[in-house]
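Asker: One predicted model, sequence on top.
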Protein chains: 2
Amino acid sequence: MTVSADEEVHGLRLRLLARVEERLAGVLDTERARWSAVDPRGASPAASVAHLVEAGGKRLRPAFCLSGFLAAGGDPDSGLAVDCAAALELIHVGALIHDDVLDAADERRGRPAVHTKHAAEHAARGWRGESRRYGEGVAVLAGDLADILADRLTAGLPPQARAVWNELLTEIVIGQHLDVAVAAESVVDPGLSRWIAVCKSGRYSIHRPLLLGASLTGRTDLAPVFERYGEALGEAFQLRDDLIDAYGDGGAAGKPVGLDLERNKMTLLLATAVRRDAGVRALVSAEEWDVPALRRRLTEIAIGEEIEARIDGLHQEALDALDRPGVPPAWRDELAAMAREVAYRDR
Amino acid sequence: MTVSADEEVHGLRLRLLARVEERLAGVLDTERARWSAVDPRGASPAASVAHLVEAGGKRLRPAFCLSGFLAAGGDPDSGLAVDCAAALELIHVGALIHDDVLDAADERRGRPAVHTKHAAEHAARGWRGESRRYGEGVAVLAGDLADILADRLTAGLPPQARAVWNELLTEIVIGQHLDVAVAAESVVDPGLSRWIAVCKSGRYSIHRPLLLGASLTGRTDLAPVFERYGEALGEAFQLRDDLIDAYGDGGAAGKPVGLDLERNKMTLLLATAVRRDAGVRALVSAEEWDVPALRRRLTEIAIGEEIEARIDGLHQEALDALDRPGVPPAWRDELAAMAREVAYRDR
């Protein structure tokens, strides 16, 4: 993230984010040590989670959680806000581990996916049983552990925050299930695909974390601000994701080359094109997608530029949402800077 | 369960167990209705969980949770104890759904396993992608949802109970991971296998649920009683499981015929035999198990009778544990009746 207009507010957020990293490392170290004492193999689930946490990631959800908390006037020395932000990252890592099994994805954050790594070890060592099942089993359990460690960190949540937390968890699973079902059944329903994308990106990554952070302080007046900001920016975030996949570098020129089309994925970008163009609609309604023809048609209708314009609009909507009494000016600037980063990132 | 010496106490437990059933049905109905409103497919994860809940099961964990709560003097009208007991059943169902993926088990509670059912539907309808991956993906998400609904039901846990709850969740995952690892690596380590069995059966099914129930009342003096009772009875429970697998009807005569040996599973029964007999030790240390030879040797050393005697001892240990001040006499009798049921069941 770039430096905000208000150095103090920005520094505060970064300082708390650094504490989130310490907390994550501490929890995972403790867990590894604890189960190693039973048997070295017992440390494996926590090690898998730690490996992915250490591999980086944008820490988007912790950043928005802490920002929601601080913007609502939360105490910067609060341990609970740091724990809650760390828990969001653990939930995210758990979801990624499970998603990679669901999608048969072999790589994550530049490293082999958990299931891939363990299936390969199983095969290399000639262990008993099927390598794929072993790798996937280890990954399912590692993802489960990430969720349980997150549960531990959120033990102290006040009731209102706990409701937001549980809602967030539920939405991830339902959104993911619908995504899997829609892909399998080749459903062409731009409205549903949009719902899924909003659920999996905007709400999960931005709106709910902001709300969760604010709910720790007991303040509820910022909820509508965070909802408008989060939903708009979340959609921009997802569209940027789609553009990065389609055009490689986040730009919108040339022909879409990314893997989403190859995988016949009804992205938010494609759902937008379907709504706008009968040619695209016809192509994705076919039994088998003609991917080269789809690429040509998307280029003809200049979908990249349209999506870029839509991102501009959503970015502006997010900024407008901040323009409300109750949002401290320094945090309005900080959240605006975060919106710019999210909407116009190139990776 | 049979009728206890004290009708009133027994009736109380059954009445609360009936409320657990209502609570489970209510939570799952609400969840199905809620996500059906988005898309009919959204109801699927909750429907998978409901299907397994409705298929029965012993409700062992809810029963012990409620007994711990009531024995510690908890208010019989407490909604929290019912919620907590229902949450334990959800966690159990979630673990079963994930376990069936890990073990490639096709049936559960007399119905097709969640992954099997959905893989079959995928294949029958000719949906896109691989049927196995689809079925397993749907099952992973359904298991995740069961855990999240359990999290919702435990929102009101006091801190002490929450710590017990989180410990229980962690132990399931670590025990399961070690089970998978030991099977894959063909580890012959009776001590470790014993640890896994105790973790996955006694603690998870009896000790922790009792402790969880008691911790809802704030009383801590029964913890040592429940620990001794739970650990002894949990081991008896697991040994009975192993006997039922080995001899079909829970009896201990004849030749062990069950699937655990076929699957080269280091059960508690087998770990006991390994410790006692060099012949068994040699057989399970071989690269490939000679299952017919192993069956013969286990019959020669009359392992069934030895395990039966060990169950008798553990059952007595559980009864002795109840013989302490602080345990209300009516609950001592009720828990003794439950111990008999668990140790001497035939299925």
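Answerer: Thanks, I have the structure now. As the structure is a computational prediction, the values presented were derived from the model and not from experiment.

Asker: Up against chain B, what does the stretch 1-150 of chain A have?
Answerer: A:31, A:35, A:38-39, A:41-42, A:44-45, A:98, A:101-102, A:104, A:122, A:125, A:127-130, A:133-134, A:136-138, A:140-145, A:147-148 (Cβ under 8 Å from any Cβ of the partner chain). C-betas here are computed from N, CA, C, even on glycine.

Asker: Please enumerate the strands of chain A.
Answerer: For chain A, the strands defined by DSSP state E occupy A:107-108, A:111-112.

Asker: Partner strands of the last one, with direction?
Answerer: To tie it back to what came earlier, the one meant is strand A:111-112. strand A:107-108 (antiparallel) (DSSP bridges).

Asker: ok, and what's touching the partner strand?
Answerer: Contacts of strand A:107-108 with the rest of the structure, by Cβ atoms under 8 Å, 6 or more residues apart in numbering or on different chains, involve A:52, A:55, A:96-97, A:100, A:113-114, A:116.

Asker: let's see it at 7 Å
Answerer: Residues from elsewhere that reach strand A:107-108, judged by Cβ atoms under 7 Å, 6 or more residues apart in numbering or on different chains: A:52, A:96, A:100, A:113.

Asker: which residues touch the last one?
Answerer: Contact analysis of residue A:113 by Cβ under 7 Å, 6+ apart lists A:100, A:105-107.

Asker: how about the residues you listed in JSON lines, adding neighbour count and pLDDT?
Answerer: JSON lines is the format used below for the contacts of residue A:113 (neighbours: other Cβ atoms under 10 Å in any protein chain shown; pLDDT from 0 to 100):
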{"residue": "A:100", "neighbour count": "22", "pLDDT": "94"}
{"residue": "A:105", "neighbour count": "13", "pLDDT": "90"}
{"residue": "A:106", "neighbour count": "13", "pLDDT": "91"}
{"residue": "A:107", "neighbour count": "10", "pLDDT": "90"}
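
Asker: Make TSV out of those residues and add distance to residue A:63.
Answerer: Listed next are the contacts of residue A:113 as TSV, based on distance: Cβ to Cβ, whole Å:
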residue	distance to residue A:63
A:100	23
A:105	24
A:106	28
A:107	24
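
Asker: between those, which is nearest residue A:166?
Answerer: residue A:100 (24.2 Å; Cβ to Cβ).

Asker: if I look at the closest one, how far off is residue A:118?
Answerer: Residue A:100 sits at a distance of 12 Å from residue A:118 (criterion: Cβ to Cβ, to the nearest Å).

Asker: residues in contact with the lowest-mean-pLDDT helix or strand in chain A?
Answerer: In chain A, no helix or strand scores lower on mean pLDDT, DSSP states H and E than helix A:259-262, which sits at a mean of 82. Here helix A:259-262 makes contact (Cβ under 7 Å, 6+ apart) with A:242, A:245-246, A:267, A:291, A:294-295.

Asker: The same query, at a cut-off of 10 Å, please.
Answerer: For helix A:259-262, contacts defined as Cβ atoms under 10 Å, 6 or more residues apart in numbering or on different chains pick out A:241-242, A:245-246, A:265-267, A:269-270, A:284, A:289, A:291-292, A:294-295, A:298.

Asker: All the helices of the stretch 51-200 of chain A, residue numbers only.
Answerer: Using DSSP state H, counting those that start in this stretch, the helices assigned to the stretch 51-200 of chain A run over residues A:60-71, A:79-103, A:114-125, A:131-153, A:159-184, A:190-197.

Asker: So which elements touch the top helix by length along chain A?
Answerer: When chain A is scanned for its longest helix (criterion: DSSP state H), the result is helix A:7-36. Under the contact criterion of 3 or more Cβ pairs under 10 Å, 6 or more residues apart in numbering or on different chains; DSSP states H and E, helix A:7-36 touches helix A:44-54, helix A:60-71, helix A:79-103, helix A:131-153, helix A:329-343, helix B:159-184.

Asker: Alpha carbons of the least confident helix or strand of chain A, as PDB, please.
Answerer: Extracted in PDB, the C-alpha atoms of helix A:259-262 (Å, rounded to 0.1, in the frame of the first residue of the first chain):
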ATOM      1  CA  LEU A 259      -6.900 -19.100 -18.100                       C
ATOM      2  CA  ASP A 260     -10.400 -18.200 -16.800                       C
ATOM      3  CA  LEU A 261     -11.800 -18.600 -20.400                       C
ATOM      4  CA  GLU A 262      -9.900 -21.900 -20.900                       C
END
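
Asker: Can you list the buried residues in that helix?
Answerer: By 16 or more other Cβ atoms under 10 Å in any protein chain shown, the buried positions in helix A:259-262 come out as A:260-261.

Asker: swap in stretch A:152-161?
Answerer: For stretch A:152-161, a neighbour-count test (16+ other Cβ under 10 Å) marks A:152-155, A:157, A:161 as buried.

Asker: could I get those as TSV with distance to residue A:255 and pLDDT?
Answerer: TSV is the format used below for the buried residues of stretch A:152-161 (distance: Cβ to Cβ, whole Å; pLDDT from 0 to 100):
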residue	distance to residue A:255	pLDDT
A:152	48	96
A:153	45	97
A:154	45	96
A:155	51	93
A:157	48	94
A:161	46	95
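
Asker: Output the strands of chain A as CSV; include the columns distance to residue A:193.
Answerer: Shown next, in CSV, are the strands of chain A (distance: least, Cβ to Cβ, whole Å):
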stretch, distance to residue A:193
strand A:107-108, 23
strand A:111-112, 30
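
Asker: Okay then, goodbye and thanks.
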